[in-house]
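Q: Mind looking at a prediction? Sequence and model below.
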Amino acid sequence: MLIRSFPAGAFGTNCYAIAPGVGTECVVVDPGMDAVGPLQEVLAADGLKPVAVVLTHGHLDHTFSVLPVCSGYDIPAYLHPADSGMLADPAAWHGPQLAPLMRGLALPDPEDVLPLEDGAVLSLAGVELTVRHAPGHTRGSVVFSLDLGETPGLLAGDVLFAGSVGRVDLPGGSWSDMLGSLRDVVLPLEDETVVLPGHGPATTIGRERATNPYLAEAAGAPRGRGL
């Protein structure tokens with residue numbers, strides 16, 4: 001499996017291109033702010049051709065470039081329905097501190113936005129992505145499980161980071177839902193699973209299980225909270 005990534009824009013959002021190998025079709029994950037130019041360079045370097053964009057959630061720093069990428073390559077985008085509408089009115093979903101910076105900003109949806117459903121398996125460009133709905137950061141946050149060859153992988157978006165988890169204080173966020181997602185979606189994964197997060201360095205489930213205080217809290221969360 002070939003995985004290329006770069007931090008996009010001022011928020012340093014990890015944008016990924018995932019393909020079976022050099023010179024093949026690929027899937028683009030979370031093209032954020034100022035991602036168009038760097039993504040073109042990444043694709044050209046390995047001769048990759050995008051067939052779809054998949055979005056871990058609807059926040060601006062993960063979706064800012066989805067329209068030009070989808071339009072430029074004539075490809076669809078995938079987003080969980082619970083986050084639909086976040087592109088059209090980003091100010092409403094980023095809280096009082098960031099909202100003034102986005103007032104009046106509207107990002108039209110790509111022409112073809114397809115729904116992500118919990119448990120669905122997307123077969124795109126020779127890559128299989130298993131969708132798990134993992135609300136908490138946003139109502140429609142998802143993670144994608146994939147086979148990296150020697151180890152399993154997880155495209156974690158803003159659900160899980162090295163040493164931390166995604167914030168839950170923005171509109172649509174919920175700590176109870178986050179605990180449920182960590183408990184029911186993340187913790188059952190194998191220790192060797194490589195976590196490819198939406199921000200920051202890669203990690204593993206085993207490392208986070210041993211050191212991440214939020215996973216420790218989720219492990220003790222009673223059933224009935226969150227999912």
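A: That came through, no problem.

Q: what comes into contact with the host helix or strand of V131?
A: Element membership of V131, judged by DSSP states H and E, is strand 127-133. Strand 127-133 has contacts (C-beta atoms under 8 Å, 6 or more residues apart in numbering) with 1, 18-20, 26-27, 54, 80, 82, 116-122, 140-147, 155, 185. C-betas here are computed from N, CA, C, even on glycine.

Q: Give me the PyMOL select line for these, limited to the buried ones.
A: Only the buried entries of the contacts of strand 127-133 go into this PyMOL selection, using 16 or more other C-beta atoms under 10 Å:
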select buried, resi 18+19+26+27+54+80+82+116+122+140+141+142+143+144+145+146+155+185
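
Q: So which of the contacts of strand 127-133 belong to strands?
A: Counting by DSSP state E, the part of the contacts of strand 127-133 found in strands is 18-19, 26-27, 54, 121-122, 142-147, 155.

Q: quick one: which two of these are the most distant?
A: A19 and V142 (20.5 Å; C-beta to C-beta).

Q: so where is this structure shaky, pLDDT-wise?
A: 90-108, 223-227 (pLDDT under 70).

Q: residue ranges for the strands of it, please.
A: Under DSSP E, the chain gives strands at 2-8, 13-19, 25-29, 49-54, 77-79, 113-115, 121-124, 127-133, 142-147, 152-157, 160-161, 164-165, 194-197, 203-204.

Q: Could you please name the strands the strand holding V131 pairs with and the direction of each pair?
A: strand 121-124 (antiparallel), strand 142-147 (antiparallel) (DSSP bridges).

Q: Any idea which of these gets closest to D61?
A: Among the strands paired with strand 127-133, strand 142-147 sits nearest to D61 (C-beta to C-beta), with 16.2 Å.

Q: Can you list the neighbours in contact with the closest one?
A: Outside strand 142-147, the residues that touch it by C-beta under 8 Å, 6+ apart are 1, 18, 29, 54, 56-57, 80, 116, 118, 122, 127-134, 152-157, 159-160, 185-186, 189, 193.

Q: Tell me the buried residues within these.
A: For these, buried by 16+ other C-beta under 10 Å: 18, 29, 54, 56-57, 80, 116, 122, 127, 129-134, 152-157, 159-160, 185-186, 189, 193.

Q: how close does L79 sit to S145?
A: In this view, L79 and S145 are 18 Å apart by C-beta to C-beta, to the nearest Å.

Q: L60 too?
A: Distance from L60 to S145, counting by C-beta to C-beta: 25 Å.

Q: try P171
A: Using C-beta to C-beta, we find P171 at a distance of 28 Å from S145.

Q: got it, and I18?
A: From I18 to S145 the distance is 12 Å (C-beta to C-beta).

Q: doesn't D184 make contact with A221?
A: No. A221 lies out of contact with D184 (C-beta atoms under 8 Å); the separation is 9.5 Å.

Q: how many other residues sit next to L2?
A: 16 (other C-beta atoms under 10 Å).

Q: Same check on S174?
A: S174 has 17 neighbours, counted by other C-beta under 10 Å.

Q: And the helix ranked longest in the chain, what does it pack against?
A: Criterion DSSP state H: the longest helix present in the chain is helix 36-46. The helices and strands touching helix 36-46, judged by 3 or more C-beta pairs under 8 Å, 6 or more residues apart in numbering; DSSP states H and E, are strand 2-8, strand 13-19, helix 66-73.
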